[in-house]
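1. coords please:
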Amino acid sequence: MRTARRADCRKKRATNAAARFAVVLFSWLMVAPEGQAQTCPSPVPSCSPTGSPVAPSSNHHYFVYNGQIAPLLGMSYENICHICLLPTQFASLYCSLTNYPTVFSTIHNNKNNIIRLVAIFNSSPGLHLQGSPFPHEQPFVWNGTRWDLSQPIDPIWLRNIEAVVCSAYSNGIVVQVTLFDPWDPPWAQSPFNPVNTLNSNQGFTADQYFASFDNPSLGTDTQTQNVQARTWQKGALTAVVNQLKKYPNVIWQIANEPDLNIPGNVPIANVVAWEKAMAQVVQANDNTHMIMINGHSSGSFAWNVPGATIESAHYTQINNTPGLEGAIGLMRDSTYNAQKLTVALGFDENQSVPSDQFTFRTTDDVRAEAWEFVMAAGGLFNAYSYNMSTPSLSLSTQLKVLYNELTLTSIDGVNVAMDFNSMQQTTCGPGHWCMGVPTWGTPDTSQGCGSPLVQNTYWSTMSSNHTQVLYIHHGIPMSQRLNGPAVFDGYSETPCGDGVNKGYQTALQFTVPITGCWNLQWVEPKTGVVRASRWYGATAGQVFASVDKPYYTDDAAVFLRFGYSGPCGA
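-> Purely as a prediction, here's the structure:
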């Protein structure tokens with residue numbers, strides 16, 4: 001679980017998480033029957049996986065799995081479904097070894113098709129929260145007081161991870177396996193910190209060498225202790241890759257945020273060199289599954305790592321650090337348009353909802369982040385929450401609306417299926433398919449919801465010869481609402497009216513690429529309710545004004561879908 005990873009926001013989160021755990025643990029100790037011990041489940045994988053691994057679509061924006069092309073949309077409640085969290089009251093807050101089958105069944109019903117696991121930590125969730133490791137949380141054997149990195153990889157750790165992946169496979173869910181979590185502190189509790197190892201002489205000589213080499217000019221380690229620690233690190237990596245590579249529902253992500261908050265003033269280039277080396281280990285053991293790189297700068301994006309096919313970034317934007325970009329920022333950055341044609345984009349961690357620090361965060365905020373990213377041909381959105389509370393459970397349900405709209409096949413009995421392979425990110429304005437939309441990110445004071453109403457208009461769009469889509473929402477960055485302290489940014493939506501008789505409106509004008517009968521729908525992203533649906537007999541290149549201008553409270557989605565050639569009704 002993420003404990004105090006960010007200097008600006010994660011320290012408080014870790015403190016609050018520890019406080020929540022202490023309360024839960026105390027409550028459990030007070031109510032558990034005397035002498036009754038709680039034990040971890042011992043799941044046994046029972047899958048016989050078949051089929052081709054998840055693969056990129058031909059336009060490299062989406063994913064092909066089980067014969068279907070679609071975006072990957074999901075909700076991860078922490079990334080530790082394979083770890084046994086005791087007491088069980090604490091475990092119920094997260095996806096854990098005690099409840100993952102129920103969690104997967106629920107998200108499957110919500111048409112969420114991706115979850116995330118972190119395999120190898122440079123920290124200890126258990127030591128941080130309860131003073132001792134959770135059972136089998138690490139690949140290394142714990143002898144009661146220390147880890148012994150020299151022993152064979154813990155087979156129960158491997159079995160538990162496989163059991164979770166097997167369950168996901170049975171539910172049609174892709175697993176993003178984050179192989180390493182380098183900088184989630186505290187290093188003081190890491191199994192790679194020598195003070196926590198047998199005889200205090202195993203592990204790396206310093207925190208930064210978990211994800212960089214001690215001799216960067218040679219691109220390798222030269223200190224004996226680091227050479228040995230790297231061997232054990234690669235051994236754990238090799239073990240998990242070989243254990244899971246038979247499953248087609250696996251995507252390998254090399255590391256979580258390796259280029260953010262690097263200790264020891266290590267240059268990003270040194271960390272990328274380590275990522276390349278780890279990717280080579282993966283490829284030496286498995287050359288069939290996709291590799292994802294989580295990068296946030298020109299030197300650490302996925303196209304810097306040979307063999308990587310997915311570039312993921314976190315947060316909408318990263319502020320106060322020149323050269324770093326979040327997922328929405330990268331999506332909109334035309335500098336990398338050529339690279340984005342060959343590598344899929346993913347947005348796989350947002351500021352959590354709920355949030356102990358940013359208490360104004362709502363499900364609406366994360367929904368806006370998901371829709372804006374995906375409606376610009378972003379192929380993977382994996383939302384993050386650090387507990388299974390009502391807001392995060394609601395978000396999982398709302399992602400079902402996005403999936404349903406993108407995979408809709410017919411309207412009024414007419415085939416309108418989206419051709420994902422031909423979808424490309426585009427823009428609105430003169431000469432483009434959508435007009436009448438305010439400039440992205442600019443304040444909009446024309447709405448009649450009272451004064452002062454602080455909000456900007458944001459939108460995204462993508463199109464093909466048969467489908468054109470637009471998503472519009474209204475809000476401001478978290479950093480603007482907070483007047484600056486959110487380095488790792490997200491949206492904070494600004495609702496307006498009731499969405500029926502009052503609210504935002506957009507006077508949309510549009511053109512179509514081919515002559516025929518087209519259907520234009522206004523959809524409410526939160527519920528999937530179709531607010532307006534109308535067929536237009538449209539000539540290619542002719543400008544039309546949308547007859548319908550439904551009110552909406554903070555966001556709206558427009559789907560313009562080709563029905564058939566010839567006049568409507570023919």
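2. strands of the stretch 201-350 of the chain, start to end?
-> Listed in chain order, the strands of the stretch 201-350 of the chain (DSSP state E, counting those that start in this stretch) span 250-255, 291-294, 310-313, 344-347.
3. neighbours of the nearest residue to residue 170 once chain neighbours are set aside, how many?
-> Excluding its sequence neighbours, the residue lying closest to residue 170 (Cβ to Cβ, 6 or more residues apart in numbering) is residue 47, at 6.5 Å. Every residue, glycine included, has its C-beta placed from N, CA and C. A count of neighbours around residue 47, defined by other Cβ atoms under 10 Å, yields 16.
4. and the pLDDT at residue 47?
-> Looking at residue 47, its pLDDT reads 97.
5. tell me which element it falls in.
-> Counting by DSSP states H and E, there is no helix or strand that carries residue 47.
6. now it: how far from residue 169?
-> Using Cβ to Cβ, to the nearest Å, we find residue 47 at a distance of 5 Å from residue 169.
7. shared neighbours of those two, anything?
-> With contacts taken as Cβ atoms under 8 Å, 6 or more residues apart in numbering, the residues that reach both residue 47 and residue 169 are residue 247.
8. would you map the helices across the stretch 351-500 of the chain?
-> Counting by DSSP state H, counting those that start in this stretch, one finds helices in the stretch 351-500 of the chain at the ranges 363-374, 390-406, 478-481.
9. ignore what I typed, I meant the stretch 201-350 of the chain.
-> 224-244, 268-285, 327-332, 337-340.
10. need the CA coordinates for the first one. PDB is fine.
-> It stands for helix 224-244. Extracted C-alpha coordinates of helix 224-244, given in PDB (Å, rounded to 0.1, in the frame of the first residue of the first chain):
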ATOM      1  CA  THR A 224      30.400  -6.500  -4.100                       C
ATOM      2  CA  GLN A 225      27.400  -6.100  -1.800                       C
ATOM      3  CA  ASN A 226      25.400  -4.300  -4.500                       C
ATOM      4  CA  VAL A 227      26.300  -6.900  -7.100                       C
ATOM      5  CA  GLN A 228      25.000  -9.700  -4.900                       C
ATOM      6  CA  ALA A 229      21.800  -7.700  -4.000                       C
ATOM      7  CA  ARG A 230      21.200  -7.100  -7.700                       C
ATOM      8  CA  THR A 231      21.400 -10.900  -8.300                       C
ATOM      9  CA  TRP A 232      18.800 -11.500  -5.600                       C
ATOM     10  CA  GLN A 233      16.600  -8.700  -7.100                       C
ATOM     11  CA  LYS A 234      16.800 -10.200 -10.500                       C
ATOM     12  CA  GLY A 235      16.100 -13.600  -9.000                       C
ATOM     13  CA  ALA A 236      12.800 -12.300  -7.500                       C
ATOM     14  CA  LEU A 237      11.900 -10.700 -10.900                       C
ATOM     15  CA  THR A 238      12.700 -13.900 -12.800                       C
ATOM     16  CA  ALA A 239      10.600 -16.000 -10.400                       C
ATOM     17  CA  VAL A 240       7.500 -13.900 -10.700                       C
ATOM     18  CA  VAL A 241       7.700 -13.600 -14.500                       C
ATOM     19  CA  ASN A 242       8.200 -17.400 -14.900                       C
ATOM     20  CA  GLN A 243       5.300 -18.100 -12.400                       C
ATOM     21  CA  LEU A 244       2.800 -15.800 -14.300                       C
END
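11. list the buried ones in stretch 490-498?
-> 490-497 (16 or more other Cβ atoms under 10 Å).
12. what of stretch 304-321?
-> Buried residues in stretch 304-321, defined by neighbour count with 16+ other Cβ under 10 Å: 304-305, 308-319.
13. does residue 294 have beta-bridge partners, and which?
-> When assigned by DSSP bridges, residue 294 has beta-bridge partners residue 312.
14. that one: neighbour count?
-> If you count neighbours by other Cβ under 10 Å, residue 294 ends up with 26.
15. hmm, it is touching residue 315, no?
-> No: contact between residue 294 and residue 315 fails when scored by Cβ atoms under 8 Å: they sit 11.6 Å apart.
16. re earlier: want to throw the strands of the stretch 201-350 of the chain into a markdown table with distance to residue 276 and mean pLDDT?
-> What follows is the strands of the stretch 201-350 of the chain, written out as a markdown table (distance: least, Cβ to Cβ, whole Å; pLDDT from 0 to 100):
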| stretch | distance to residue 276 | mean pLDDT |
| --- | --- | --- |
| strand 250-255 | 9 | 98 |
| strand 291-294 | 10 | 98 |
| strand 310-313 | 15 | 98 |
| strand 344-347 | 19 | 98 |
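17. as CSV, those strands with distance to residue 470 would be great.
-> Conversion of these to CSV gives the following (distance: least, Cβ to Cβ, whole Å):
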stretch, distance to residue 470
strand 250-255, 29
strand 291-294, 28
strand 310-313, 23
strand 344-347, 19
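18. next structured bit after the lowest-mean-pLDDT helix or strand in the chain?
-> Least confident helix or strand of the chain, by mean pLDDT, DSSP states H and E, is helix 10-31 with a mean of 35. Secondary structure here is assigned by DSSP H and E; on that basis, the next helix or strand after helix 10-31 toward the C-terminus is strand 55-56.
19. quick one: strands adjacent to the following helix or strand past that next one?
-> Past strand 55-56, heading to the C-terminal end, the next element that is a helix or strand (DSSP H and E) is strand 63-65. Here strand 63-65 is paired, per DSSP bridges, with strand 55-56 (antiparallel), strand 68-70 (antiparallel).
20. nothing else from me, thank you.
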